[in-house]
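S.K.: below are the sequence and a predicted model; questions follow.
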Amino acid sequence: MVQTMPTYYDVLQVERDAPPERVRAAYRKLAQKYHPDKMPGNANAVRAMAAINAAYDVLKDAQRRADHDLWIRRAERGSQPLPPQPALPQHLWDYLHPATQWPWYLLFGTLMVALGTVATAMYLTTMPARAASAPAAASCQQVALAAACPQRGT
């Protein structure tokens with residue numbers, strides 16, 4: 001469960017749309033209850049009175065109250081500040097540096113090997129066999145036979 005930070009409305013125990021009169025009445029009631037003179041020696045009374053005074057100082061001023069309401073809406077929305085944007089590279093080498101761009105080099109190399117393999121397979125498939133296209137070339141058996149028997153070769 002997510003805990004929310006108490007707002008000044010929570011400190012004074014009033015609704016967010018409470019009119020200034022209601023805020024003032026709540027402040028007076030809590031100030032009488034938690035005033036340090038009514039609770040001598042109680043450190044909690046001093047802290048409570050400081051919180052009550054701070055809340056009333058903000059909520060009695062219309063501009064500061066509007067700022068506080070804006071802060072509450074932003075907190076409820078859960079908006080996070082945007083992360084800082086990295087600086088744009090200044091030189092071409094910053095785009096091409098292998099230490100930072102190695103995945104692109106790996107991808108390019110893999111594509112080149114695949115393209116080379118496909119091109120070689122297509123070439124070997126479409127080109128006729130060399131032995132059939134060159135009848136003047138002698139086979140290995142004929143060359144070996146001619147070397148073994150010089151008379152037969154003539």
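M.R.: Sure thing, it's come through. Numbering: from 1, shown residues only.

S.K.: CA atoms for contacts and neighbours, from now on please.
M.R.: OK.

S.K.: what mean pLDDT does the longest helix along the chain get?
M.R.: Ordering each helix of the chain by length in residues (DSSP state H) puts helix 98-126 first. Helix 98-126 comes out with an average pLDDT of 92.

S.K.: elements contacting that helix?
M.R.: If you count contacts as 3 or more CA pairs under 8 Å, 6 or more residues apart in numbering; DSSP states H and E, helix 98-126 packs onto no helix or strand.

S.K.: distance between that helix and the chain's centre?
M.R.: In terms of CA atoms, centre = their mean, to the nearest Å, the gap separating the centre of helix 98-126 from the centre of its chain is 31 Å.

S.K.: ok, now stretch 58-73?
M.R.: 32 Å.

S.K.: list the buried residues in that stretch.
M.R.: 58-59, 65, 68-69, 72 (16 or more other CA atoms under 10 Å).

S.K.: what is the nearest of those residues to Arg16?
M.R.: Nearest to Arg16 among the buried residues of stretch 58-73: Asp69, at 8.2 Å, using CA to CA.

S.K.: against Ala62, how distant is the closest one?
M.R.: To Ala62, Asp69 is 10 Å away according to CA to CA, to the nearest Å.

S.K.: what's the closest non-adjacent residue to Val23?
M.R.: Val14 (6.7 Å; CA to CA, 6 or more residues apart in numbering).

S.K.: neighbours of the closest residue to Pro98 other than its chain neighbours, how many?
M.R.: Using CA to CA, 6+ apart and skipping the chain neighbours, the partner closest in space to Pro98 is Tyr105 (7.2 Å). Number of residues near Tyr105 (other CA atoms under 10 Å) recorded here: 13.
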